[in-house]
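> Next one to model:
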Amino acid sequence: MTTPHSTPCPEPFLPPNPQAAAGSRIADFARWTARRQGADSIQDPADYQALHHWSVTDLEDFWAAVWEYFDIDATTPYERVLAQETMPGARWFPGATLNYAHHALRNLHPDAPAITALDETGAAHEITGRQLRAQVASVAATLRDLGVGPGDRVVGYLPNTPHAVIAFLATASLGAVWSVCGQDYAPKAASDRFAQLEPTVLITADGYLFNGTRHDRRAASRDLADTLPTLKATVLVNHLGLVWPQTRAAGLTVPWEDAATRSEHLTTTPVPFDHPLWIVFSSGTTGLPKGIVHGHGGVLLEHLKTLGLHSDLGVGDRLLWYTTTHWMMWNLVVSTLLTGATTCTYDGSPAPVAHPDVLWELAARHKVTVFGTSPQYLLAMAKLGIEPSAHDLSAVRAIGSTGSTLPASAYPWVRDHVGAGIQLASTSGGTDVVSGFAGSAPTTPVWAGELSAPNLGVALAAYDHTGRPVVDQVGELVITRPMPSMPLYFWNDPDGSRYRDAYFSAHPGVWRHGDWITLTSHGSVIVHGRSDATLNRNGVRLGSADIHDIVERLPEITEALVIGAEEPDGGYWMPLFVVLADRVGLDESLCEKIRDAIRTGASPRHVPDEILAVPAIPHTKTGKKLEVPVKRLLQGAPAEQVLNPSAVDNPDLIAYFAALGAERRQVRHPHTPEGVS
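As a prediction, this is how the structure comes out:
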């Protein structure tokens, strides 16, 4: 990499705790690796940058070390670590056969909790390692009896409860392929995903809990089953205790109680390293969502590295990360079991009106060691005046945050209102690799508003417009060497053209992720937002996240969205949409306050052309702001080509922003035909 100028290293917001760093698993891994190969470059276990440099310059030795350190139990050994490095198409650990489910269950203490099931009422129950293994064995035997074998697809229409974890592990144990989505998806939206897979079995619940309401999904489950003609059976889960009606259903129906209470011996089917484990879906904002296929071995190694080394999880730890089943964080949360730690499932709203601090209360009561959430949640807690430290959070050593950029303002709030010694670990990655590209570790400093470092084994770079790597400059996030958890392929993409176009069309052989980042000279990573939503004012590229961070700190603003839209006459319109707090109106005084905050906190170039109050900001189902679709709606692209309503948290907003764009075009360009952008 080239460094255009020398930048002094700023003081970190939180340096590593020397005692915690020395006792961490990543430090133990560094010491173990140094002994294993006599590597002088990583003799200091606290030197994260040296460890990372080795991990990306010697990929084969690094991933072989991860394999050995975590004692991967392969039925047949691998021939070499990386048989082909070319992207796409890298071939990892050829010859090895193993099974993810075997590793997820092998380290669990039989009498200690493997899963702690929580919900927004504060209720909890635990499933021990022995109980989990027995239920997985029973469900696996049921699936086998229903005709499920290696390569067959089993799909779940389920909330985040132990049923989903058990069903997934049972599916994986057979070498079958799992896919799941939450029940807030309408039947058609779920069918858009599952029908592509031609599943053999559907596992569905009677409903879910959210913000004090019990949502009955029995009819939705029936409607979904009716759209899946390949089903041989539907397994019915009684989560809310509702009675399933005795009406027609697609194929055989099996009560969960029957499926999960058989006395069976668990056996797991060894499969090749790159055998499909699960299919996760893109947000599907246009057309059918694309199915992303990951393999047993790649997920196993990547998640052991991420959770075991970066998150420092092991036997005796507990992880509570708020997620839904259709977000990739659910997949990562399940993998907590790989480390021998306890995973917590949670059904409900993260901040129910009746009990907005329930997650903190549960974290205290159950001695959670790693608490995971989103930037929006932390900002909401601050605005609501919640004091997490009112609960005993002494067991919490790290708070993870992902889903979008964590603003610098959240860091002092966590220190002052959660706990001064807690590491705030902001991470960035994606469904595409079902893991992270950058984050932190017990041995890394924390700088407010920055991700501490690229993750181990991730050859992260920032490319300028010429494809040259840069430091201390904004560039495109790229990965220059393969990761084991990169997709095997996209579903229904036989020639791989959609896969290549998604990541490798800009820089052949190099993964382009679609984010603007800065790699700093002190080793951290700053995420500026999606590159396809980048603001480009008079040739100067601006990150939307930089503006959102500043505006959303203001007490009058609940949420913000800035868009840069090219106009037919060559002009450029950069409006800022704001959602106002209760009993707040958007007058000139507030607009000037917003402009001043942006001018001072960013630059005069960041000040928007216009500030408009809107009822809400549209998001994907996983909470990401829909910047590019809103931009296209404002430019006049037909709504049906821009957004699939089932992918939006509030579909009514599609028409709202389309109408807003039409109104503006009519005023400024009365003779421009609709649909011309």
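> can you list the weak-confidence ranges in the stretch 251-400 of the chain?
Across the stretch 251-400 of the chain, the ranges flagged by pLDDT under 70 are 283-287.
> the helices in it, which residues?
If DSSP state H, counting those that start in this stretch is used as the criterion, the helices of the stretch 251-400 of the chain fall at 256-259, 296-303, 328-334, 358-365, 375-384.
> Same check on the stretch 101-250 of the chain?
In the stretch 101-250 of the chain, the segments counted as helices under DSSP H, counting those that start in this stretch are 129-145, 162-173, 187-194, 218-226.
> wait, which of these is closest to residue 393?
Ranking these by proximity to residue 393 (Cβ to Cβ) places helix 162-173 first, at 24.5 Å. To be clear about C-beta, it is placed using only N, CA and C from the backbone, and glycine gets the same treatment.
> quick revisit: want to throw the helices of the stretch 251-400 of the chain into CSV with mean neighbour count and distance to residue 621?
Shown next, in CSV, are the helices of the stretch 251-400 of the chain (neighbours: other Cβ atoms under 10 Å; distance: least, Cβ to Cβ, whole Å):
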stretch, mean neighbour count, distance to residue 621
helix 256-259, 18, 25
helix 296-303, 26, 22
helix 328-334, 24, 12
helix 358-365, 21, 20
helix 375-384, 19, 14
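> which residues sit in contact with residue 204?
156, 157, 158, 183, 217, 221, 224, 225, 234, 235, 236, 237 (Cβ atoms under 8 Å, 6 or more residues apart in numbering).
> Surely the second one touches residue 224?
Read it as residue 157. Yes: in terms of Cβ atoms under 8 Å, residue 157 counts as a neighbour of residue 224; the distance is 5.8 Å.
> Touching both of these two, which residues are there?
Each of 190, 194, 202, 204 lies in contact with both residue 157 and residue 224 under the rule Cβ under 8 Å, 6+ apart.
> Greatest separation within those residues: which pair is it?
Comparing every pair within those by Cβ to Cβ identifies 194 and 204 as the most remote, at 10.6 Å.
> Please enumerate the shared neighbours of the two.
Counting by Cβ under 8 Å, 6+ apart, the contacts common to residue 194 and residue 204 are 157, 224.
> where does this structure have its least confident helix or strand?
Least confident element among the helices and strands of the chain, by mean pLDDT, DSSP states H and E: strand 540-542 (a mean of 61).
> The helix or strand following it packs against which elements?
Later in the chain than strand 540-542, the nearest helix or strand by DSSP states H and E is helix 544-551. Judged by 3 or more Cβ pairs under 8 Å, 6 or more residues apart in numbering; DSSP states H and E, helix 544-551 is in contact with strand 525-530, strand 557-562, strand 575-580, helix 588-601.
> Put the alpha carbons of helix 544-551 into CSV.
Provided in CSV are the C-alpha atoms of helix 544-551 (Å, rounded to 0.1, in the frame of the first residue of the first chain):
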residue,chain,number,x,y,z
SER,A,544,-23.6,9.5,3.5
ALA,A,545,-22.8,7.9,6.9
ASP,A,546,-20.8,10.9,7.9
ILE,A,547,-23.9,13.1,7.6
HIS,A,548,-26.2,10.6,9.2
ASP,A,549,-23.9,10.4,12.2
ILE,A,550,-24.0,14.2,12.8
VAL,A,551,-27.7,14.7,12.3
